[in-house]
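S.K.: Just to be clear, the model below is a prediction. Sequence and coordinates:
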Amino acid sequence: MPELPEVETTRRGIEPWLLGARVDAVAVRERRLRWPVTARLARDLSGRSVESLERRAKYLLMTAGDGTLIMHLGMSGSLRVLEAPRPPGPHDHVDLVLSNGRMLRFNDPRRFGAMLWTRRDPMRHPLLRHLGPEPLGAEFDGDHLWRLSRGRRAAVKTFIMDGRVVVGVGNIYASEALFRSGIDPRRAAGRVSRRRYGVLADSIREVLAAAIKRGGTTLQDFTGGDGQPGYFAQELNVYGREGDACRSCGGPIRQTVLGQRSTFFCQRCQR
DNA sequence: CCCGATTCCTGTAGGC
DNA sequence: TGCCTACAGGAATCGG
């Protein structure tokens, strides 16, 4: 599924084909995404040229003319640039026909994704305005986590997955970062020390940066082949490894549920 | 404000 | 082998 690294990989992969291109036509075959695709989307976009493609959290922001298309891949969405128009397959919900002969195609089997047009400053959009800092940006560090967590009784894993705290930490990377930093995911966020939040912030950055490198693999078959295989599975230390031996101490990896999400950890290495 | 539960959806893993 | 159910997950939103 698209985590922050894959969204960033998508952005880098499609940006060169979009910048400067004019949107000549829009085909919407399925409007029922996370929020309905408006009937006016084609009119809003057509005739406008793409000026930028940026990422904020897991949102992609395509600015064209007087507005911005806010896109989210949800859990199963993908964006591809096709070299030439091709008949749509299952779950190919939206196409943007570009003036350079290419086509941007949005595919999303589970339809948790989104495509919203806004003429306002996208950063002020209700979906974006309360988002926390980018984990790879300068404002994110251990002190930020520590300050926000004082008095909070929710589990530290739930806390770092809250987009108002820090964006882009999905279920997989939350478990992985907590393992790397030796923190029990069930521990109350307010009971993690300032020092340990420093380690955790570093771990979050490291695990996401490593995953962006792996995203480069996906980049290669971007315009051509199929989607993302499980190429990061082999680097995972705890996620999906319940009952397997901890790579550090040999003890069993345990699974529990926090915030309705499966959570993996090593009882011996994480306190 | 804070926090846990619910909701959207469909491909697929697992059980029988 | 095949069917059926449970589960997976991002994140908004609801309810307490």
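M.R.: Okay, I see it.
S.K.: Select the helix or strand of chain A having the lowest average pLDDT value.
M.R.: helix A:194-220 (a mean of 81; mean pLDDT, DSSP states H and E).
S.K.: Give the buried residues for whichever helix or strand comes after that one.
M.R.: Next along the chain after helix A:194-220, taking DSSP states H and E as the criterion, comes strand A:253-258. Of the residues in strand A:253-258, A:Ile253, A:Arg254, A:Gln255, A:Leu258 count as buried by neighbour count, 16 or more other Cβ atoms under 10 Å. Quick note: C-beta positions are derived from backbone N, CA and C, even for glycine.
S.K.: helices or strands next to whichever helix or strand comes after strand A:253-258 in the packing?
M.R.: For strand A:253-258, the following helix or strand on the C-terminal side (DSSP H and E) is strand A:261-266. With contacts taken as 3 or more Cβ pairs under 8 Å, 6 or more residues apart in numbering; DSSP states H and E, strand A:261-266 sits against helix A:171-181, strand A:253-258.
S.K.: The longest one and DNA strand B in contact?
M.R.: No. For a cut-off given as Cβ under 7 Å from any atom of the strand, helix A:171-181 has no contacts with DNA strand B; the smallest distance is 12.0 Å.
S.K.: angle of that helix against strand A:253-258?
M.R.: For helix A:171-181 against strand A:253-258, the angle by axes from the mean of the first three to the mean of the last three Cα atoms, to 10 degrees is 120 degrees.
S.K.: got the contact list for stretch A:174-182?
M.R.: Contacts with stretch A:174-182, where a contact means Cβ atoms under 8 Å, 6 or more residues apart in numbering, come from A:156-157, A:160-161, A:169, A:184-185, A:196, A:199-200, A:202-204, A:206-207, A:236-239, A:263-266, A:269-271.
S.K.: okay, that stretch in PDB with CA atoms only?
M.R.: Output of stretch A:174-182 as PDB, limited to C-alpha atoms (Å, rounded to 0.1, in the frame of the first residue of the first chain):
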ATOM      1  CA  ALA A 174       5.200   2.800  13.400                       C
ATOM      2  CA  SER A 175       6.000  -0.700  14.600                       C
ATOM      3  CA  GLU A 176       9.400  -0.700  12.900                       C
ATOM      4  CA  ALA A 177      10.400   2.600  14.300                       C
ATOM      5  CA  LEU A 178       9.400   1.600  17.800                       C
ATOM      6  CA  PHE A 179      11.400  -1.600  17.500                       C
ATOM      7  CA  ARG A 180      14.500   0.300  16.300                       C
ATOM      8  CA  SER A 181      14.200   2.700  19.300                       C
ATOM      9  CA  GLY A 182      13.500  -0.100  21.900                       C
END
